[in-house]
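Trainee: Take this sequence and fold it.
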Amino acid sequence: MELIRKPTWLRVKIPSGENYVKVKQTLGLEYLHTVCEEAKCPNIAECWGSGTATIMILGDICTRGCRFCAVTSGKPVFLDPEEPNRVAKAIKSWGLRYVVITAVCRDDLPDGGADHMAKTIKAVKLECPQTIVESLIPDFRGFDDSISKIIDSQPDVISHNIETVKRLTPKIRDARASYEQTLQILKRVKEIDSRIYTKSSIMLGLGENEEEVFQTIKDLRSVGVDILTMGQYLQPTQKHLPVVEYLPPQKFYDYEMNATQMGFLYVTSGPLVRSSYRAAEFFLENAILRNNHIR
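Mentor: Numbers count the residues shown, from 1 in each chain. Next comes the predicted model:
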């Protein structure tokens, strides 16, 4: 397939700045990983510079092999019991207002790594009580006990990304992930604790059509998802799926307006928007602080 030239609106500055350097140095000292780096996120300098970051736990090797993802696939060999405390220590040193804790898929572990993730959330909550915590979870193979462990650790937000439309899911995601399972997980979170904000994300430019995007948005809203982000898929390496189409900014705006009318609490959509993008974090920060004040 012929490569499509990247449009001007997707160009970003080389990461720099005091906060960026501080976060990067601490990651090395504490042996931590971020999705920001592993997934080659274009917003890394903007987010790190503003007091937000996405920490990836449970190692840097994923047991899944999704064709869009830059994280290394393979067989993990280690689970660091000290990682939850090191994550909390790093977040405290950065003074983050908002942190996203995510994880590689660990199908080698009985609970998919849910207990380790819950311990990390609790450690951050204890060490950094003013920091808002979002947990971007893998599917844990749909195990109800694993989902409950995350909810019991009391993150402010639980995210689980649907990634793409139903038709393209088998082509883009690992065979162990499914469109229906993602919807069921998001639905289950709300059933267990309706107070937790739920969030999901869609990548665009992989060959989906408008009708399929609208249906995916409707499906997410039907299971009570509160926050939706939509962004342009960018091919991380030549080994990954190529971009089929670069959508213009106006198209993202149109999708955002359509989704907003469906009743989501907040929608952000744009070429450089990612699942942990700052615009959604700003909204969630204000909403969570307001709700905590009311309680």
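Trainee: now for the helix or strand containing Val213, which elements pack on it?
Mentor: Assigning secondary structure by DSSP states H and E places Val213 in helix 210-222. Helices and strands touching helix 210-222, as assessed by 3 or more CB pairs under 8 Å, 6 or more residues apart in numbering; DSSP states H and E, comprise helix 179-192, strand 197-204, helix 249-261. Where C-beta positions appear, they are placed from N, C-alpha and C, glycine not excepted.
Trainee: what about the next helix-or-strand element following it, distance to the chain center?
Mentor: Next along the chain after helix 210-222, taking DSSP H and E as the criterion, comes strand 227-232. Here strand 227-232 is found 10 Å from its chain centre; the criterion is CA atoms, centre = their mean, to the nearest Å.
Trainee: which neighbours does strand 227-232 have in its sheet, and in what orientation?
Mentor: For strand 227-232, the pairing partners within the sheet under DSSP bridges are strand 197-204 (parallel), strand 266-269 (parallel).
Trainee: Quickly compare the helices and strands packed on helix 210-222 and say which is most buried.
Mentor: Among the helices and strands packed on helix 210-222, ranked by average contacts under mean count of other CB atoms under 10 Å, first place goes to strand 197-204 (a mean of 25).
Trainee: Just want the angle from it to helix 179-192.
Mentor: Counting by axes from the mean of the first three to the mean of the last three CA atoms, to 10 degrees, strand 197-204 lies at 160 degrees to helix 179-192.
Trainee: Tell me where the model's unsure across the stretch 151-295 of the chain.
Mentor: 276-283, 289, 292-295 (pLDDT under 70).
Trainee: switch to 80 and redo it
Mentor: 274-295 (pLDDT under 80).
Trainee: can you map out the strands along this protein?
Mentor: Secondary structure of the chain, counting by DSSP state E: strands at 33-34, 52-57, 61-62, 72-73, 98-103, 132-136, 157-159, 197-204, 227-232, 266-269.
Trainee: Serialize those strands to JSON lines and add fields for distance to Arg221.
Mentor: Compiled in JSON lines, the strands of the chain are given as follows (distance: least, CB to CB, whole Å):
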{"stretch": "strand 33-34", "distance to Arg221": "30"}
{"stretch": "strand 52-57", "distance to Arg221": "24"}
{"stretch": "strand 61-62", "distance to Arg221": "29"}
{"stretch": "strand 72-73", "distance to Arg221": "32"}
{"stretch": "strand 98-103", "distance to Arg221": "22"}
{"stretch": "strand 132-136", "distance to Arg221": "19"}
{"stretch": "strand 157-159", "distance to Arg221": "15"}
{"stretch": "strand 197-204", "distance to Arg221": "10"}
{"stretch": "strand 227-232", "distance to Arg221": "8"}
{"stretch": "strand 266-269", "distance to Arg221": "10"}
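Trainee: Minimum distance to Arg173: which of those strands has it?
Mentor: Arg173 sits nearest to strand 197-204 of all the strands of the chain, at 10.5 Å, using CB to CB.
Trainee: Was I right to think Gly231 contacts Leu206?
Mentor: No: between Gly231 and Leu206 there is no contact under CB atoms under 8 Å: 11.5 Å.
Trainee: just to revisit the earlier point, CA-only coordinates of the helix holding Val213, as CSV, when you get a sec.
Mentor: Extracted C-alpha coordinates of helix 210-222, given in CSV (Å, rounded to 0.1, in the frame of the first residue of the first chain):
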residue,chain,number,x,y,z
GLU,A,210,-18.9,7.4,9.1
GLU,A,211,-21.9,5.1,9.8
GLU,A,212,-19.6,2.7,11.7
VAL,A,213,-18.1,5.5,13.8
PHE,A,214,-21.6,6.7,14.8
GLN,A,215,-22.6,3.2,15.7
THR,A,216,-19.5,2.8,17.9
ILE,A,217,-20.3,6.1,19.7
LYS,A,218,-23.9,4.9,20.3
ASP,A,219,-22.7,1.6,21.6
LEU,A,220,-20.4,3.3,24.1
ARG,A,221,-23.1,5.6,25.3
SER,A,222,-25.6,2.7,25.6
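Trainee: Not counting that helix itself, show me its contacts.
Mentor: For helix 210-222, the external contacting residues (CB atoms under 8 Å, 6 or more residues apart in numbering) are 162, 164-168, 183, 186, 200, 202, 204, 228, 255, 258-259, 262-264.
Trainee: Contact partners for the nearest residue to Ala114 once chain neighbours are set aside?
Mentor: Spatially, and ignoring its direct neighbours in sequence, Ala114 is nearest to Ser146 (3.6 Å; CB to CB, 6 or more residues apart in numbering). By CB under 8 Å, 6+ apart, the contact list for Ser146 reads 111-112, 114, 140.
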